[in-house]
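Peer 1: Please find the sequence and the predicted model below.
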Amino acid sequence: MTAHPSRTLEIPPRLPTVWRPVLTRVVLLGLALLSLGFFCTVAALGPDDWHRHDRVGLAGCGLLFALVLVVLARPAARADPQGLTVVNFVRRRRLDWAEILGVNLRRGDPWVLLDLSDGSTLAVVAIQPGSGLRQAVRAARELRACVDLYGTARRVE
């Protein structure tokens, strides 16, 4: 069996595995904790003429801001022998390997894009060059190797 010229010769990782934008995640979760602490401190140490609802409202704003940062830190891609689970900011999607036709990370792309068998594309925000180009390229190659190995094998059967 000959390899497709656009396919990678990368060895797939041991499954199950998870890809995440580690640096982005650390920064966002750190900022969430810092902002929550800041807003709560200001609410607790604010002027004496502030009412209880002022303090609760300010702490609530800090909590809301921290929750938004936690949602932004959520992306992950989980691969197992049966398929791939893509967790983006607010949505989760489970794909069988045979549904994934291509894995693309072109120069200037903010993250990996999957070409799917239904003709659509799906962003994999968990693999993004913004948190490390080498890490993103390696992860994209590993994901492509998984698609080649598991997706092709399923289509042939």
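Peer 2: That came in fine, so what should we check first? Numbering: from 1, shown residues only.
Peer 1: what's around residue 119, how many residues?
Peer 2: A total of 7 residues lie near residue 119 under the criterion other Cβ atoms under 10 Å. Just so you know, the C-beta spots here come from the backbone N, C-alpha and C atoms, and that holds for glycine as well.
Peer 1: quick one: it is in a strand?
Peer 2: No: secondary structure of residue 119 (DSSP: H, G, I helix; E, B strand; the rest coil): coil, not part of a strand.
Peer 1: What distance do you get for it to residue 134?
Peer 2: According to Cβ to Cβ, to the nearest Å, residue 119 and residue 134 sit 32 Å apart.
Peer 1: quick one, phi/psi of the spatially closest residue to residue 132 that is not a sequence neighbour?
Peer 2: Nearest residue to residue 132, sequence neighbours excluded (Cβ to Cβ, 6 or more residues apart in numbering): residue 23, at 6.1 Å. Dihedral pair for residue 23: phi -60, psi -50, per degrees, to the nearest 10.
Peer 1: any idea which residue of this structure is furthest from its center?
Peer 2: Computed with Cα atoms, centre = their mean, the residue of the chain farthest from its C-alpha average is residue 49, at 44.2 Å.
Peer 1: So it: helix, strand or coil?
Peer 2: coil.
Peer 1: Quick one: name whatever helix or strand follows the strand or helix carrying residue 61.
Peer 2: In the assignment (DSSP states H and E), residue 61 maps to helix 52-72. With elements assigned by DSSP H and E, the helix or strand that comes after helix 52-72 is strand 76-80.
Peer 1: what's the spacing between the closest residue to residue 88 other than its chain neighbours and residue 151?
Peer 2: Once flanking residues are discounted, residue 88 sits nearest to residue 125: 4.8 Å by Cβ to Cβ, 6+ apart. As for residue 125, its distance to residue 151 is 21 Å (criterion: Cβ to Cβ).
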